[in-house]
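Novice: from the sequence below, what's the structure:
(chains A and B)
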Amino acid sequence: MTATDLSTPVPAIAAPGNHATSARRVRSRGWRLVGYVALVLAAAGLLLPFFWMVVTSLKTNNDVFTIPITWLPDPVVWRNYLDIWQRSDMTTWLRNTLLLAVIVTFLQVLTGSFAAYGFARVRFPGRNLLFLAYVGTIAVPWQSYMIPQFILMSKLQLSNTLWSIVAIQAFGAIGVFLMKQFYETIPEELSEAARVDGLSEFGIWRRIILPLSRPALASLALLTFTTTWNDYLGPLIYLRSPELRTIQLGLNTFISQYNAEYALIMTGSVLSVLPVAVIFLLGQRYFVEGVASTGLKG
Amino acid sequence: MSRNTVAGWSFILPNFLGFAALTLLPVVVLFYVAFTNWNVFGVAEWTGTANFRRMWDDASFWTALRNTVYYAVFHIPLTLAAALGLALLLNRKLRGVRFFRTVAFFPYITSIVAIAVVWNQLFSPEYGPINALLGAVGVDDPPGWTASSTWSMPAVIIVGTWRYMGYYMLLFLAGLQTIPAQLYEAAETDGASPWQRFVHVTLPGLRTTTFFVTVLLTIESFKVFDLILVMTGGGPGQSTLVLSQYIYQKGFEENQFGYASAVSIVLFAICFGITVIQFWVNKRRNS
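Specialist: Modelled structure (predicted):
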């Protein structure tokens, strides 16, 4: 693709005078405005459900569905946020979820980045075939092998323990794939120089690659954390005892138990989203830039 | 064994052990279980192709397959268009561009359960804000959304698209940033209109990204499950029953692991087949 290809279908403008450029400037300002309007509308549409969630969580139950719709709570019912702790096992759910998310993220980032280095920087027979197995399973939906996986986990006596979720989440192919993509953007000469200086492969990973890949590691960590935090299906299948419930399972049982308490259900929803939202906003730079840079560069 | 082989394996092994035991092995075992009659923790009994013959005559299976295709056929182009549109809007130097990117990505990181209950309230046929808005703009007979078997699937598709477009937008943004600015400048000096620049510079420059996004989006669409499970439970009737949910029902609710595995193979084959075709088409187009 070269620039000259472009000139073919486009008639060149003859000698653009002052008149033409100012007209173009006005037109581009007009487009800017249209762009802003489109963005503001899109943002409003994207945020409306969250707005509704927060506003509803601060209403009395009777005020949730009124005609015409009330967009702001009056009175503001902060009590919902106290009530939910008394009426649900929120503490247990949050503790289980946090525990799982932290362990899974730690293992995924550690073993994933380690394996990715092997795939990106060490040449050995069978490497490409092995990597193909990793990439290939990305095209296989988990739902299609969840049955045999469950049978295996039951044989290992891991089902109905928190370990089952750690096991099924911590060794995903995606982490290895993303980190490998990132490592390949780091110049090979850096490793070469280190090898000449007598560093081992492990030393290169630890001292050179790891510090350089901090943004990619951060974005993988954030993605893994939120995925584990938000996972519904895994816990639904594996965590049968009430005391093992994660926030997603807990919230769903709470919904079916108190299905007419719309305001309280929204309070629970806010609490289930809040931790991830805070982490996301804190690491938002890594998230957005990180997904963009590691997601697809190959 | 050479030093490199030892080094390579020692890097990969910690992850590979977990990966092999929990992903590779189950995928292989799937092809065995599908040919058995396996109930709960009993012994597997080899039944040959019985599960597949049963599937052929199973109306619920065909409904689930049809619904899954329905979801995919609308979700994929809608999300693709929305994600690309957002990416184009947000690829410029605008005030607050970072804020808008964050907003677009936000639905992707929030939990399915929470968004499903919020959307169900928004979609409430009589009291929900969506139908109130529709009424305000003059729609006399607003849809029943998740209460109606005709409108439940469109409702789910809307929520799915809302949730995932920010993620694919980011991937498109990354792709857009790899297109050299000189190409646009050259096109502009040649007097190309914004549309011509889009068709002749942006689209060709995004080819690899579009390919990857389409592959990921296809797999994501065909495995859709938890969103539907929490929003509609597959209903009303079987109007939003999808393949993944049918596997879950047969396997974990009815303990028919063998039959559920046979259905799993269909899901597997669809996703794998489409991915292979997409790779093949992409390769041909590039060469």
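Novice: so which residue is dead centre in the chain?
Specialist: In the absence of a named chain, this looks at chain A. A centroid search over chain A (CA atoms, centre = their mean) returns A:Leu223, at 3.6 Å, as the residue closest to the centre.
Novice: ah, no, chain B please
Specialist: Chain B, centroid-nearest residue using CA atoms, centre = their mean: B:Glu220 at 2.1 Å.
Novice: one step back: host element of the residue nearest to the centre of chain A?
Specialist: helix A:214-230 (DSSP states H and E).
Novice: how about residue 175: what's its closest non-neighbour residue?
Specialist: Looking at chain A here, since you left the chain open. The shortest distance from A:Gly175 to any non-neighbouring residue, by CB to CB, 6 or more residues apart in numbering or on different chains, is to A:Gly112 (3.2 Å). Backbone N, C-alpha and C define where each C-beta goes, glycine included.
Novice: I was thinking of chain B, sorry if that wasn't clear
Specialist: Closest residue to B:Gly175 apart from its sequence neighbours, by CB to CB, 6+ apart: B:Thr209 at 3.0 Å.
Novice: count of neighbours near B:Val137?
Specialist: 6 (other CB atoms under 10 Å in any protein chain shown).
Novice: roughly how far apart are it and B:Trp151?
Specialist: 17 Å (CB to CB, to the nearest Å).
Novice: need the longest helix for chain B.
Specialist: helix B:59-90 (DSSP state H).
Novice: where do the helices sit along the stretch 101-250 of chain B?
Specialist: B:112-122, B:129-136, B:152-176, B:181-189, B:194-197, B:203-205, B:207-222, B:226-231, B:243-248 (DSSP state H, counting those that start in this stretch).
Novice: B:Tyr70: which of these is closest?
Specialist: B:Tyr70 lies closest to helix B:152-176 among the helices of the stretch 101-250 of chain B, at 5.8 Å (CB to CB).
Novice: which other helices and strands does the closest one contact?
Specialist: helix A:18-57, helix A:284-295, helix B:59-90, helix B:97-109, helix B:112-122, helix B:207-222, helix B:226-231 (3 or more CB pairs under 8 Å, 6 or more residues apart in numbering or on different chains; DSSP states H and E).
Novice: count the neighbours of the residue nearest to B:Asn39 when sequence neighbours are not counted for me.
Specialist: Excluding the flanking residues, the one nearest B:Asn39 by CB to CB, 6+ apart is B:Asn255, at 5.3 Å. Look at B:Asn255: counted by other CB under 10 Å, it has 14 neighbours.
Novice: tell me the confidence at B:Asn255?
Specialist: We have a pLDDT of 85 for B:Asn255.
Novice: also A:Ala12?
Specialist: 36.
Novice: go on, B:Tyr70?
Specialist: 94.
Novice: that one and B:Met153 touch, don't they?
Specialist: Yes - between B:Tyr70 and B:Met153 there is a contact under CB atoms under 8 Å: 5.8 Å.
Novice: list the buried residues in stretch A:260-275.
Specialist: Using 16 or more other CB atoms under 10 Å in any protein chain shown as the test for burial, stretch A:260-275 gives A:261-273, A:275.
Novice: output the contacting helices and strands for the strand or helix carrying A:Trp163.
Specialist: Assessed by DSSP H and E, A:Trp163 sits inside helix A:162-170. Applying 3+ CB pairs under 8 Å, 6+ apart, we find helix A:162-170 packed against helix A:90-121, helix A:142-155, helix A:214-230, helix A:233-238.
Novice: possible to save these as a markdown table with distance to A:Tyr36 and mean pLDDT?
Specialist: Below are the helices and strands packed on helix A:162-170 laid out as a markdown table (distance: least, CB to CB, whole Å; pLDDT from 0 to 100):
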| stretch | distance to A:Tyr36 | mean pLDDT |
| --- | --- | --- |
| helix A:90-121 | 37 | 91 |
| helix A:142-155 | 40 | 88 |
| helix A:214-230 | 28 | 87 |
| helix A:233-238 | 39 | 91 |
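Novice: can you redo these as TSV with distance to B:Pro129?
Specialist: Listed next are these as TSV, based on distance: least, CB to CB, whole Å:
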stretch	distance to B:Pro129
helix A:90-121	27
helix A:142-155	33
helix A:214-230	24
helix A:233-238	29
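Novice: starting at the chain centroid, how far to the longest helix of chain B?
Specialist: 7 Å (CA atoms, centre = their mean, to the nearest Å).
Novice: and it with helix B:152-176, angle?
Specialist: Put simply, helix B:59-90 runs at 40 degrees to helix B:152-176, going by axes from the mean of the first three to the mean of the last three CA atoms, to 10 degrees.
Novice: circling back: so the residue nearest to A:Gly175 sits against B:Pro14, correct?
Specialist: No - between A:Gly112 and B:Pro14 there is no contact under CB under 8 Å: 9.5 Å.
Novice: any low-confidence regions in the chain?
Specialist: You didn't say which chain, so I picked chain A. A:1-27, A:67, A:287-298 (pLDDT under 70).
Novice: that's the other chain; I wanted chain B
Specialist: Checking chain B against pLDDT under 70 turns up B:1, B:40-41.
Novice: could you rerun that using 80?
Specialist: Residue ranges of chain B with pLDDT under 80: B:1-4, B:34, B:39-45, B:47-50, B:92-96, B:136, B:138-142, B:148, B:234-235, B:286-287.
Novice: next, count neighbours for B:Pro261.
Specialist: No, residue B:261 isn't Pro; it's Ser. B:Ser261, neighbours per other CB under 10 Å, totals 29.
Novice: repeat that for B:Ile247.
Specialist: 26.
Novice: what separation is there between it and chain A?
Specialist: 6 Å (CB to the nearest CB, to the nearest Å).
Novice: show me what contacts B:Thr275?
Specialist: A:139, B:215, B:218-219 (CB atoms under 8 Å, 6 or more residues apart in numbering or on different chains).
Novice: ok, back up a step: A:Gly112 and B:Pro14: which is more packed in?
Specialist: A:Gly112 (28 against 17).
Novice: residues contacting that one?
Specialist: So, once contact is read as CB under 8 Å, 6+ apart, A:Gly112 ends up touching A:172, A:175-176, A:178-179, A:220, B:15.
Novice: again, only using 10 Å
Specialist: A:170-180, A:217, A:220-221, A:224, B:14-15, B:19 (CB atoms under 10 Å, 6 or more residues apart in numbering or on different chains).
Novice: do the same with A:Ala42
Specialist: B:82, B:85-86, B:89-90, B:100, B:103-104, B:165.
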